[in-house]
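Engineer: take a look and give me a structure for this.
(one chain, ligands or ions: 1)
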Amino acid sequence: MLVRVPGLLTPDEVARAVAILRSADWVDGKVTAGAQSAQAKTNLQVPENSRQAKEAGALVLRGLGRSPVFNAAALPLRVFPPLFNRYDAGMRFGDHVDNAIRFGAGARIRTDVSTTVFLSPPEDYDGGELVIQDTYGTQSVKFEAGDAVIYPSTSLHRVNEITRGSRWASFFWTQSLVRSDERRRLLFDMDTAIQRLAMELGQTHDGVVSLTAGYHNLLRMWVEM
Ligand code: NI
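Structural biologist: Residues are numbered from 1 along each chain as shown. Below you'll find the model as predicted:
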């Protein structure tokens, strides 16, 4: 399931993140790639433990904390500290699957959900689409600055070569309370439908109460902590 999270960061937060990242010592992106993906990858990244990654990362984490869509779709148990990358003209990342396990901030996480937060407006670059092979076919994504996309870490994906300009983004992984993408999708669809019904009928409507109970009981059945 691929979900767009519009306005995860406000325009002001995007501007602050970009200003912080301008002073970073960008390094070759192969540092976080596995042996297979390193061969397919040409981009630049901000070192994980740098002051800039931590400051800009805090802005991203704050955005996640207040996003009902991110929380309903990813059902986060642990979030890997946000990383930052940049593709200038000629750079790309060929088809790959992200590593299953990541070590960061002293913890080990299983990567269930991948997230990209776009920091560059689409008119600033050509190419650079994030192309994801989803259950329903291939999807090509290029969103507004401040928007995020979340997708299952099990999907094969790539970033097309940049032919003009520069594409800056934050990316990170989440270990979900619900490991299966199929189950997360079902819960997300159900949650979205319940919210819509609650708006129309009110939170205390019998049907809404009963569906909400069903949602929580399914979640309880599937959750791993
Ligand atoms: Ni990737």
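Engineer: what residues does the lowest-mean-pLDDT helix or strand in the chain touch?
Structural biologist: For the chain, the helix or strand with the lowest mean confidence is helix 35-40, at a mean of 77 (criterion: mean pLDDT, DSSP states H and E). For helix 35-40, the external contacting residues (C-beta atoms under 8 Å, 6 or more residues apart in numbering) are 30, 92-99, 158. C-beta: built from backbone N, CA, C; applies to glycine.
Engineer: next one: residue 74 from residue 191, what distance?
Structural biologist: Residue 74 sits 12 Å away from residue 191, going by C-beta to C-beta, to the nearest Å.
Engineer: okay, the two: which has more neighbours?
Structural biologist: Under the criterion of other C-beta atoms under 10 Å, the comparison of residue 74 against residue 191 puts residue 74 first, with 26 against 20.
Engineer: what about the more buried one, distance to residue 38?
Structural biologist: When distance is defined by C-beta to C-beta, residue 74 is 27 Å away from residue 38.
Engineer: need the contact list for the residue most central in space within the chain.
Structural biologist: The structure's the chain has its C-alpha centroid closest to residue 115; by C-alpha atoms, centre = their mean the separation is 1.1 Å. The neighbours of residue 115, taking C-beta under 8 Å, 6+ apart as the test, are 70, 74, 148-150, 170-174.
Engineer: what helix or strand is it on?
Structural biologist: In this structure, residue 115 sits in strand 113-118 according to DSSP states H and E.
Engineer: what residues of that strand count as buried?
Structural biologist: Buried residues in strand 113-118, counting neighbours by 16 or more other C-beta atoms under 10 Å, are found at 113-118.
Engineer: on contacts alone, who are the packing partners of the longest helix seen in the chain?
Structural biologist: In the chain, with assignment by DSSP state H, the single longest helix is helix 181-201. Contact partners of helix 181-201 among helices and strands, from 3 or more C-beta pairs under 8 Å, 6 or more residues apart in numbering; DSSP states H and E: helix 68-74, helix 206-222.
Engineer: tell me the angle it makes with strand 113-118.
Structural biologist: Helix 181-201 and strand 113-118 meet at an angle of 60 degrees, taking axes from the mean of the first three to the mean of the last three C-alpha atoms, to 10 degrees as the criterion.
Engineer: dump helix 181-201 to PDB, keeping only the CA atoms.
Structural biologist: The C-alpha coordinates for helix 181-201 follow below in PDB (Å, rounded to 0.1, in the frame of the first residue of the first chain):
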ATOM      1  CA  ASP A 181       1.400  -4.900   4.600                       C
ATOM      2  CA  GLU A 182      -1.900  -6.600   3.800                       C
ATOM      3  CA  ARG A 183      -3.100  -6.300   7.400                       C
ATOM      4  CA  ARG A 184      -1.900  -2.700   7.700                       C
ATOM      5  CA  ARG A 185      -3.800  -1.900   4.500                       C
ATOM      6  CA  LEU A 186      -7.000  -3.400   5.800                       C
ATOM      7  CA  LEU A 187      -6.700  -1.600   9.100                       C
ATOM      8  CA  PHE A 188      -5.900   1.700   7.400                       C
ATOM      9  CA  ASP A 189      -8.900   1.400   5.000                       C
ATOM     10  CA  MET A 190     -11.200   0.500   8.000                       C
ATOM     11  CA  ASP A 191      -9.900   3.400  10.100                       C
ATOM     12  CA  THR A 192     -10.400   5.800   7.200                       C
ATOM     13  CA  ALA A 193     -14.000   4.600   6.700                       C
ATOM     14  CA  ILE A 194     -14.700   4.800  10.400                       C
ATOM     15  CA  GLN A 195     -13.500   8.400  10.600                       C
ATOM     16  CA  ARG A 196     -15.700   9.300   7.600                       C
ATOM     17  CA  LEU A 197     -18.700   7.700   9.200                       C
ATOM     18  CA  ALA A 198     -18.100   9.300  12.500                       C
ATOM     19  CA  MET A 199     -18.100  12.700  10.800                       C
ATOM     20  CA  GLU A 200     -21.500  12.100   9.300                       C
ATOM     21  CA  LEU A 201     -23.200  10.100  12.100                       C
END
